[in-house]
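> need coordinates for the following:
(one chain, ligands or ions: 1)
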Amino acid sequence: MPDIYFLNGQFVSLENARVSINDRGFQFGDGIYEVIRTYHGRIFHLDEHLKRFEKSAREIDLPLPFSRPEMKKAIEEACLKSGYPMAKIYVQMTRGEAERSHAFPAGIKPTFIMTVLKLSPFSPALKASGIEMITTEDLRWGRCDIKSLNLLPNVLAQQKAKKAGVYEALMVRNGKVTEGSISNFFMVKNEAVATPPLSAFILPGVTRDLVLDIARSLKMKVIEEDIPAEEIYRADEVFLSGTTIEIAPVIKIDGKPISNGRPGAITQTLMKEFEAIALRE
Ligand code: PLP
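Below is the predicted model of the structure:
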């Protein structure tokens, strides 16, 4: 089964998937992206991802050269061609290629790329045991709600986690938790599921939305409020959400166990329901 590479409307080999050194994505991080996945060949929440992609494009004044149905058709065709039952789809659009100058050049054509690769699922063993994470200062800009290519602070945060031998770095801005370097943050306290509210400082995660829907449908109490960083160590349960990690229980933060140091009951209920939805859709 092949890996798929798609560049500006054409399926190409990896060797021919080349963009100019003058591309603004490469020089300025001037572009946006999405990571989408499939379950058994079915693309999960494609409309939600494309809606966010369109919003990111609008927010950075990047006119999309194709409609949602055209984009869907290309992604569906790429997935079929790959044949991977569990695939990771990466789509990216940059402002395009032009001689380097900060303001938008006139008449520039966007560069669109897509890859469809085999997804390595998040380790079932880690999912069962729970993961550890550290906290770190949130060094990102003021528009983290845009899924832009400027990921250097996220890269540095992930590297810090890796060096510490843990799975994720939870970012903290002005004493409040924002999100992980690749995930949204949740905690459970007194049976209520709490997560930071949508703002310019977090990505509106597609999985975050689904977790909130599931929690509400199970009649759980849901709180979208700022979470002071010092409160997380006193949580009854902590978990993260994201397209590739789905729902992952967190059992230790900064070396301190959360509650009894095991995945909590509410987290496990949400995980089960999430799995049922993912396999059903
Ligand atoms: N927050 C950040 C910073 C991310 O990079 C991601 C996913 O990559 C998420 C949250 C989770 O978003 P989603 O559930 O849409 O994958």
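> would you list every one of the helices in this structure?
All helices of the chain, identified by DSSP state H, fall at 24-28, 46-59, 68-82, 124-129, 152-163, 206-217, 265-280.
> contacts only, for the residue nearest to residue 13 when sequence neighbours are not counted.
Nearest non-adjacent residue to residue 13, counting by C-beta to C-beta, 6 or more residues apart in numbering: residue 5, 6.7 Å away. Where C-beta positions appear, they are placed from N, C-alpha and C, glycine not excepted. Taking C-beta atoms under 8 Å, 6 or more residues apart in numbering as the criterion, residue 5 is in contact with 11-14, 16-17, 113-115.
> distance to the ligand, neighbour count and pLDDT for these - can I get that in TSV?
Formatted as TSV, these follow (distance: C-beta to the nearest ligand atom, whole Å; neighbours: other C-beta atoms under 10 Å; pLDDT from 0 to 100):
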residue	distance to the ligand	neighbour count	pLDDT
11	25	16	97
12	25	14	97
13	27	9	97
14	23	10	96
16	28	10	95
17	22	15	96
113	17	20	98
114	16	22	98
115	15	19	98
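> specify which member of those residues is nearest to residue 246.
Nearest to residue 246 among those is residue 115, at 20.7 Å by C-beta to C-beta.
> could you give the bridge partners of that closest one?
residue 5, residue 90 (DSSP bridges).
> and the stretch 151-281 of the chain, which residues reach the ligand?
With the criterion set to C-beta under 6 Å from any ligand atom, the stretch 151-281 of the chain comes near the ligand through 154, 179, 182-184, 203, 205-208, 241-243.
> is it possible to mark the buried ones in those?
Buried by 16 or more other C-beta atoms under 10 Å: 154, 179, 182-184, 203, 205-208, 241-243, out of those.
> of the residues you listed, closest to residue 81?
Using C-beta to C-beta, residue 243 comes nearest to residue 81 of those, at 20.9 Å.
> what's the per-residue pLDDT of that closest one here?
We have a pLDDT of 98 for residue 243.
> quick check: it touching residue 38?
No - assessed by C-beta atoms under 8 Å, residue 243 is found out of contact with residue 38, at 10.7 Å.
> need the overlap of contacts for these two.
residue 44.
> so what's residue 196 up against?
176-179, 185, 202, 224-227.
> got the residues of the stretch 1-150 of the chain near the ligand?
Contact residues, the stretch 1-150 of the chain versus the ligand (C-beta under 6 Å from any ligand atom): residue 35.
> which one of the residues in the stretch 1-150 of the chain is closest to the ligand?
Closest residue of the stretch 1-150 of the chain to the ligand, C-beta to the nearest ligand atom: residue 35 (5.5 Å).
> what residues does stretch 198-216 touch?
Here stretch 198-216 makes contact (C-beta under 8 Å, 6+ apart) with 45, 48-49, 52, 138, 140, 142-145, 147, 173, 178-179, 183-184, 186, 193, 195-196, 222, 224, 241-243, 246-247, 270, 273-274, 277.
> now, of these, which are buried?
If we count by 16+ other C-beta under 10 Å, the contacts of stretch 198-216 have these buried: 45, 48-49, 52, 138, 140, 144-145, 147, 173, 178-179, 183-184, 186, 193, 195-196, 222, 241-243, 246-247, 270, 273-274, 277.
> beta-bridge partners for residue 36, please?
Here residue 36, judged by DSSP bridges, has bridge partners residue 89.
> what is the burial count for it?
Other residues lying near residue 36 total 23 when counted by other C-beta atoms under 10 Å.
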